[in-house]
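Peer 1: below are the sequence and a predicted model; questions follow.
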Number of protein chains: 2
Amino acid sequence: MADIPAKTEVNVTTGPIRGSRKIHVASRGEHCVPVAMREIDLEPSSGEPPVRVYDTSGPYTDPDAHIDIMAGLPALRRDWIMGREDVEEYDAREVKPEDNGQLGPDRSGGVRPFPNVVQRPLRAKSGMNVTQMHYARKGIITPEMEYVAERENLGRAQMKDHIRDGEDWGAAIPDFVTPEFVRDEVAKGRAIIPNNINHPESEPMAIGRNFLVKINANIGNSAVASDVASEVDKLVWAIRWGGDTVMDLSTGRNIHDTREWIIRNSPVPIGTVPIYQALEKVGGVAEDLTWEIFRDTLIEQAEQGVDYFTIHAGVRLPYVPLAAKRVTGIVSRGGSIMAKWCLAHHKESFLYEHFDEISEICAAYDIAYSLGDGLRPGSIADANDEAQFAELYTLGELTKRAWAQDVQVMIEGPGHVPMHKIKENMEKQLEACGEAPFYTLGPLTTDIAPGYDHITSAIGAAQIGWYGTAMLCYVTPKEHLGLPDRDDVKVGVVTYKLAAHAADLAKGHPAAKVRDDALSKARFEFRWRDQFNLSLDPDTAEDYHDQTLPAEGAKTAHFCSMCGPKFCSMKISQEVREFAANNPNGVLGDSPLPPAGGAGGGLDDSRKDAKTLSEGEAQAGMEEMAKVYKDKGQELYLPADAVDNETP
Amino acid sequence: MADIPAKTEVNVTTGPIRGSRKIHVASRGEHCVPVAMREIDLEPSSGEPPVRVYDTSGPYTDPDAHIDIMAGLPALRRDWIMGREDVEEYDAREVKPEDNGQLGPDRSGGVRPFPNVVQRPLRAKSGMNVTQMHYARKGIITPEMEYVAERENLGRAQMKDHIRDGEDWGAAIPDFVTPEFVRDEVAKGRAIIPNNINHPESEPMAIGRNFLVKINANIGNSAVASDVASEVDKLVWAIRWGGDTVMDLSTGRNIHDTREWIIRNSPVPIGTVPIYQALEKVGGVAEDLTWEIFRDTLIEQAEQGVDYFTIHAGVRLPYVPLAAKRVTGIVSRGGSIMAKWCLAHHKESFLYEHFDEISEICAAYDIAYSLGDGLRPGSIADANDEAQFAELYTLGELTKRAWAQDVQVMIEGPGHVPMHKIKENMEKQLEACGEAPFYTLGPLTTDIAPGYDHITSAIGAAQIGWYGTAMLCYVTPKEHLGLPDRDDVKVGVVTYKLAAHAADLAKGHPAAKVRDDALSKARFEFRWRDQFNLSLDPDTAEDYHDQTLPAEGAKTAHFCSMCGPKFCSMKISQEVREFAANNPNGVLGDSPLPPAGGAGGGLDDSRKDAKTLSEGEAQAGMEEMAKVYKDKGQELYLPADAVDNETP
């Protein structure tokens, strides 16, 4: 087992992401809280302001922060929570050996417990409800909501003059996010801010169709592999590259201690599937599960600070047989645990029966539901089938029951779905679940590429994100094959970050395009370092570039290894642009001739504002342009410094 | 420079792809030609027939084939071509030093010429036209068409009882492909069979919206990097993993000799961009290009056997200024060469002016056009703009001019396009180009992930393939950063293969789903080796599996490292299925209760054929099921052998 201090101190990655600075912006609103962001400085030659990007990495990328894994992160939200005067401290439930899957009190063979455990957790005072949804419905704008508003506004200022361009399929994305907008979305149940009052280390974030698309990364040890130190390292690594939330899916032994290490060191919301730990407590025998054991596990995790629970209450007894027709049956672990319990007792699921009691616990700690899709399809063949949609409509019923107690809810979705069946999933979810945020795994768009399922699923994830899914659960290259290691986690996170961003672009999110445009301008102007720094993974981008052109000079060279120094397509474009600039009369700025064959056809739409010239004017323009070109010496390759001065 | 014999003998990968056999199936039709395919045998426990998959790898994966890079591949199509009695041999154009970018006749510093060059190439007899389109329009079914029909029918026999399930956006994919269907598609210009009569080594394949979606891999050396041996190795490596065609984009020196080595050893069609070589012949000075030099280059490449030419004849003088408005201007090399030429001479493009003469050459050798999109967008900001569509409509005009001479045509497309603008590209192309096959590069759906552009583009490629694009040009992880190495080529090919397959599934292609279902069944039944063998990249799949569970036993174990030995979601599903089998009255096969909350909603559609039972019947069924379950000893984990016998 891991020697925690040594390994964590060695393994956790800290320091700024290359080419960027951590900044804190004061939120606009009465609470004026400091909101963490990342700013990327561009080369002076660009004449452009720094680009602000969404930052999930927490204090780990802040050089001014003192990181001590043994102590955990500072309690950012503690004062906000206490200030509401609706919570009370109490003696924590005693940790039992079975919480860590041990038979006796002896911890030998276990992991070292977190040294800084909170002995007196918080819960709502009797009769109180401490959920963000409860405050929102009472018209209260919390510091958490204000934090989210500022965080989501990224780049909107820079984009304010841009024309909105996208297809949002009925979403309602505002030009600017106000704290009041956040409150209203949370009140309506269209967005959630998952943050347990016992996880004050978390930086507030929102999951909802009208906010930036988020991604989740799964970590956690299993009976077969991994240890606490590497899980804490994976957490920090996953959020460094963009994980918005992290789920701890640990099974086997040491579940309780592993989770404590993770939560105390996490600036992002942590989700779990409590049934996994409950199952360990009954020795892995599903039919021995009871409501009492499950309830005790919920309290245990609520006190530690878990921000959202995956609850498979939609796997009802009548639906289990529907899975018999399937090619891959039930592929959800939680779903099959409950299916087995239902079969063994031929009784309705105790999660379904006791759902309102679970909601009471969620309301007392502000834990959000992630209603699990225990019957999601595990293959293309099973997509959109009877079992899947039977469960979905039950999740819709449960959503309304949770909302009746002001408990925040999101809905889990598939899975494996061919492209032509993806949209139906989003449409049915919106209809069945009253616009509660959708949270999907992929979906994978084919089954035939194990080893590349981060890609088969990114194809589906980008599309369902575009259609309205609020959070995408990542898939790593190891999906279906093994447990992800550190590298797999990074590949999975970056892959999902780009899929989520592609979705934001397609939805016409006002903040999304700033970064694409900045990187493209850098590419056009051969600002290689800006290209690297603006990318989702600067280290890999520069490494790939250096494999063909390692020389330091190449990073400022006006060519790349694809075309070589002799010829480059971007340089000529720069010339064309210069000619246009040198011809204020606009002769070269517009299209002198109607495009041949373009009569009719959608082209006309795009040419509306183009000034049409006579054949003669056009000819004159062409000759003028040729003269300018010759006067410049017909030289394509000017020295780098000269070009930098030329480029606008 | 490379010592060819040594390096090629060392580097070219031969032998079967793991778990599969090369087979040859006699085509149905008068010509009865042997069609190469790959067959994957499944474990006996599956009780399933072998799965047939499309095979692009040529003789290199055939243990019975004698591979000699120095001699080239056997001339599979030679007799078919000669049998038509419309071609003549003649003395080849003499290879000039400038063909290889050399100043003098001395080849020092050059690569060793291919030892087995054809001295007497073929061309159409005077007044004859030898294109597949010409034959098709005369009602002739060629052996090439018959080969294609058999090759495309893959798996359709197994699927004949399946209900078609997909959205094909107006395509016309038949249940079975007949030689007559192929002829008709080629005659209409909706599909092309690119195979130069001087490349008889090629195995016929079709590119068209009503056939399987194809992928292209780019290789080629540049002035900065790479050599002939590694390019031949990349060719063989690219087709091993699924490249349907390969483009040789070599620039710099040795272009002629490099291409000869590639074509003589290629069983797939080879495409080029002739303007690259023409530019080398004038020392890289675009304005010095002339029609005569370009024409001579076309003849040179036609005699070598190039199967399709990318011709940027749509970059017309009037469109060049439109690029001035762009963020990234002109990103196509060929497009910017022509733009520079037009600027320098303020004349219309010589490619546009001499287009019909180029078509005459294509008709004499059966070279297909790949009409280049020289003005494709190079960034999200420039997608679907005036310059791009102006060129597209000109490509439509040129398509009709090429068809007037029975020359086969496909149309190149973007590029960089956000998801919400992808469909418009397909719709405009279909409208402007009369259903000529569309051949796109990606498109990339965001600019911010250099190093991961195989993924940002696979997202767009899968979608545009679904909408109707016939061939997808791969993008490797090195896109925008450097030249792809061997590993990048494999990642690019497998990524595009899965994107093309996702598109086939979504279109409802009758042959596509067989492989997904076979792999999913293998997954459900824990046939690990079948899972590996059925995947696009068996080596990587098994390698990833072994990183967590290396033991040989684990490959037959009824669990994997994700859930561990203690609990596995798939096992319970097998039980549920067994109960269903044990209850022929169907009580467990149907849904005893209407799903809660499911009243109304699309659910009804999927429940049409479900038998509804009374509450009482349902209860009885549940109790019966529980009894069966208890009788079985409530045992989840049965020994592997026992389970294999149980599973249907």
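Peer 2: Arrived safely, thanks for sending.

Peer 1: dihedrals phi and psi, residue A:341?
Peer 2: phi -60, psi -40 (degrees, to the nearest 10).

Peer 1: so what's the residue count around the residue lying closest to it once chain neighbours are set aside?
Peer 2: Nearest-residue entry for residue A:341: residue A:286, 5.1 Å, with adjacent residues in sequence omitted and distances by CB to CB, 6 or more residues apart in numbering or on different chains. Heads up, the C-betas are built off the backbone N, CA and C, glycines and all. A count of nearby residues for residue A:286, using other CB atoms under 10 Å in any protein chain shown, gives 22.

Peer 1: verify the contact between residue A:286 and residue A:276 for me.
Peer 2: No: if you go by CB atoms under 8 Å, residue A:286 and residue A:276 don't touch, sitting 11.4 Å apart.

Peer 1: point out where chain A drops to low pLDDT.
Peer 2: A:1-10, A:103-110, A:155, A:157-162, A:222-226, A:549-648 (pLDDT under 70).

Peer 1: circling back to that earlier point, from residue A:340, how far off is the residue nearest to residue A:341?
Peer 2: 4 Å (CB to CB, to the nearest Å).

Peer 1: repeat for residue A:424
Peer 2: 29 Å.

Peer 1: these two - which one has more neighbours?
Peer 2: residue A:340 (26 against 16).

Peer 1: now name the helix or strand holding the more buried one.
Peer 2: Element membership for residue A:340, per DSSP states H and E: helix A:333-345.

Peer 1: give me the helices and strands touching the helix or strand that that helix is followed by, please.
Peer 2: Counting by DSSP H and E, the element after helix A:333-345 in chain order, helix or strand, is helix A:350-353. Judged by 3 or more CB pairs under 8 Å, 6 or more residues apart in numbering or on different chains; DSSP states H and E, the packing partners of helix A:350-353 are helix A:291-304.

Peer 1: show me what the next helix or strand after the helix it packs on pairs with in its sheet, parallel or antiparallel.
Peer 2: Downstream of helix A:291-304, the first helix or strand assigned by DSSP H and E is strand A:308-311. Applying DSSP bridges, strand A:308-311 is found paired with strand A:270-272 (parallel), strand A:368-371 (parallel).

Peer 1: winner for burial among those strands?
Peer 2: strand A:368-371 (a mean of 28; mean count of other CB atoms under 10 Å in any protein chain shown).

Peer 1: who touches residue A:352 in this structure?
Peer 2: A:313-314, A:316, A:394, A:398 (CB atoms under 8 Å, 6 or more residues apart in numbering or on different chains).

Peer 1: which pair of those spans the longest distance?
Peer 2: A:316 and A:398 (10.4 Å; CB to CB).

Peer 1: who's more crowded, those two?
Peer 2: Set side by side, residue A:316 and residue A:398 show more neighbours around residue A:398, with 27 against 23, by other CB under 10 Å.

Peer 1: would you mind measuring from the more buried one to chain B?
Peer 2: Per CB to the nearest CB, to the nearest Å, residue A:398 is found 8 Å from chain B.

Peer 1: could you do residue A:407 as well?
Peer 2: In terms of CB to the nearest CB, residue A:407 sits 17 Å off from chain B.

Peer 1: phi first, then psi, for that residue.
Peer 2: phi -90, psi 130.

Peer 1: now swap in residue A:49 and tell me
Peer 2: phi -70, psi 160.

Peer 1: please report how far the residue of the stretch 51-200 of chain A found nearest chain B lies from residue A:174.
Peer 2: Residue nearest to chain B within the stretch 51-200 of chain A: residue A:167 (4.2 Å; CB to the nearest CB). Counting by CB to CB, the separation of residue A:167 from residue A:174 is 17 Å.

Peer 1: same check on residue A:318?
Peer 2: 42 Å.

Peer 1: swap in residue A:336?
Peer 2: In terms of CB to CB, residue A:336 sits 42 Å off from residue A:174.
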